[in-house]
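Participant: Would you be able to build a 3D model of this:
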Amino acid sequence: MKNKAFKTIIYSTSLFLLSLSLFSFKAVPDSAKRDSTPTGYKLRTIVVDAGHGGKRLGANGAYSVEKNVTLALAFKLQKAIQKEVPDVNVVMTRTTDDDILWQKRSDIANEAKGDLFISLHCNSLSDKVVTVNGRRRRIPDQSGRGVLLLVYGFHRDKEEAAALRENLFEDKDVKGADAVDFNDPTQMILLNAFKNKYRKRSIHFADIINDEFKDTDGRPSEGVREQGILVLCHSAMPAVLVETGYINNPKDEEYLNSDEGQNEIVATLIRSIKTYKAEVEMVN
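Facilitator: Below you'll find the predicted structure:
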């Protein structure tokens, strides 16, 4: 009886989610947005992830390391969200120099029932190998500049499905193996609907951030790319990794370590969050 009721819920929820997946954010003209009505959905919790920590320094520049820059940015973003978007709760994956394992970061996000996951990082390029007087030498490649936005790729599809499976259902009876058969096509419809929705929203949020960096701040950008990043695909929510700049480029390193640069990056993320929040909470 319980399984029958659960399947009924899945069918109705699946149809609703699939109808939402047909909604294209960019296809909605400004005139239509004025006639939008609330969906009932609220963006309540944002998870802010400061990349690296502890012995995992991350990328390094001439005088700074990634783990310190990302933590400083994370604290500023936390305070900015609390001030500018006060109805949203902020969860930090780390607030100290301690190293947090990638899976633990995802666990923190999932346990908090996050609606959006933002992972902050700094980029760098590997050394170049050149030949000088017949001898091969490694020299720093400082040609990288600007931002890069990453979302999870399809090749980690099964891992994403596992994360969704563990976090989609709150009822203990539903979570149990005896109550739910995830080989059941009915239940896979629901998982796939959520996967498609979260993927679409991840890409859309990354596009918003990218446009803000380029059009408002005038920063160079390498655009939005797919990568098989564990911390993204294991987080059962829309998730974006923000490479805020190339720390091994002298100009970018100075920018990333300055109050002006950090404040500008945070302001860009706040504008992007506000835009994204307004759109996902309204539908034509």
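
Participant: What ranges in the stretch 151-284 of the chain fall below the confidence cut-off?
Facilitator: Applying pLDDT under 70 to the stretch 151-284 of the chain flags residues 154-194, 283-284.

Participant: just so I have it, where are all the strands in it?
Facilitator: For the stretch 151-284 of the chain, strands defined by DSSP state E, counting those that start in this stretch occupy the ranges 221-227, 239-246, 282-283.

Participant: Out of those, which gets nearest to residue 84?
Facilitator: Proximity to residue 84 (C-beta to C-beta) singles out strand 239-246 among the strands of the stretch 151-284 of the chain, at 17.4 Å. Every residue, glycine included, has its C-beta placed from N, CA and C.

Participant: tell me the angle that closest one makes with strand 221-227.
Facilitator: For strand 239-246 against strand 221-227, the angle by axes from the mean of the first three to the mean of the last three C-alpha atoms, to 10 degrees is 140 degrees.

Participant: For strand 239-246, C-alpha coordinates in PDB please.
Facilitator: Presented in PDB, the C-alpha positions along strand 239-246 are these (Å, rounded to 0.1, in the frame of the first residue of the first chain):
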ATOM      1  CA  ALA A 239      26.200  23.400  -8.500                       C
ATOM      2  CA  VAL A 240      28.800  25.700 -10.100                       C
ATOM      3  CA  LEU A 241      32.600  25.900  -9.500                       C
ATOM      4  CA  VAL A 242      34.000  29.400 -10.000                       C
ATOM      5  CA  GLU A 243      37.600  29.800 -11.000                       C
ATOM      6  CA  THR A 244      38.000  33.400  -9.900                       C
ATOM      7  CA  GLY A 245      41.300  34.100 -11.600                       C
ATOM      8  CA  TYR A 246      44.800  32.800 -12.400                       C
END
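
Participant: what's it packed up against?
Facilitator: If contacts are counted by 3 or more C-beta pairs under 8 Å, 6 or more residues apart in numbering; DSSP states H and E, strand 239-246 sits against helix 66-84, strand 116-123, strand 147-152, helix 185-211, helix 230-233, helix 250-257, helix 259-280.

Participant: Point out the most buried one among the strands of the stretch 151-284 of the chain.
Facilitator: Across these, averaging neighbours per residue (mean count of other C-beta atoms under 10 Å) puts strand 239-246 on top, at a mean of 27.

Participant: what about it, distance to the chain center?
Facilitator: When C-alpha coordinates are averaged (C-alpha atoms, centre = their mean, to the nearest Å), strand 239-246 and its chain have centres 9 Å apart.

Participant: Just give the strands next to it in its sheet, each with its orientation.
Facilitator: Within its sheet, and counting by DSSP bridges, strand 239-246 is paired with strand 116-123 (parallel), strand 147-152 (antiparallel).

Participant: what's the angle from it to helix 250-257?
Facilitator: Counting by the same axes, to 10 degrees, strand 239-246 lies at 120 degrees to helix 250-257.

Participant: Report the beta-bridge partners for residue 121.
Facilitator: Beta bridges link residue 121 to residue 243, judged by DSSP bridges.

Participant: What distance do you get for it to residue 73?
Facilitator: Using C-beta to C-beta, to the nearest Å, residue 121 is found at 10 Å from residue 73.

Participant: list residues touching both of those two?
Facilitator: Shared contacts of residue 121 and residue 73 (C-beta atoms under 8 Å, 6 or more residues apart in numbering): residue 244.

Participant: got the contact list for the closest residue to residue 252 other than its chain neighbours?
Facilitator: Excluding its sequence neighbours, the residue lying closest to residue 252 (C-beta to C-beta, 6 or more residues apart in numbering) is residue 245, at 4.0 Å. Counting by C-beta under 8 Å, 6+ apart, residue 245 touches 122, 123, 145, 146, 147, 219, 252, 253, 255, 256, 261.

Participant: burial measure for the fifth one, as a count.
Facilitator: So the one you mean is residue 147. As a burial measure, residue 147 scores 24 neighbours (other C-beta atoms under 10 Å).

Participant: Quick check: bridge partners of it?
Facilitator: With DSSP bridges as the rule, residue 147 is bridged to residue 221.

Participant: where does residue 31 land on pLDDT?
Facilitator: Residue 31 is assigned 40 on the pLDDT scale.

Participant: dump the residue contacts of residue 249.
Facilitator: Counting by C-beta under 8 Å, 6+ apart, residue 249 makes contact with 61, 142, 143, 144, 145.

Participant: And the residues you listed, which two are furthest apart?
Facilitator: Farthest pair in the contacts of residue 249 (C-beta to C-beta) is 61 and 143. Separation: 14.0 Å.
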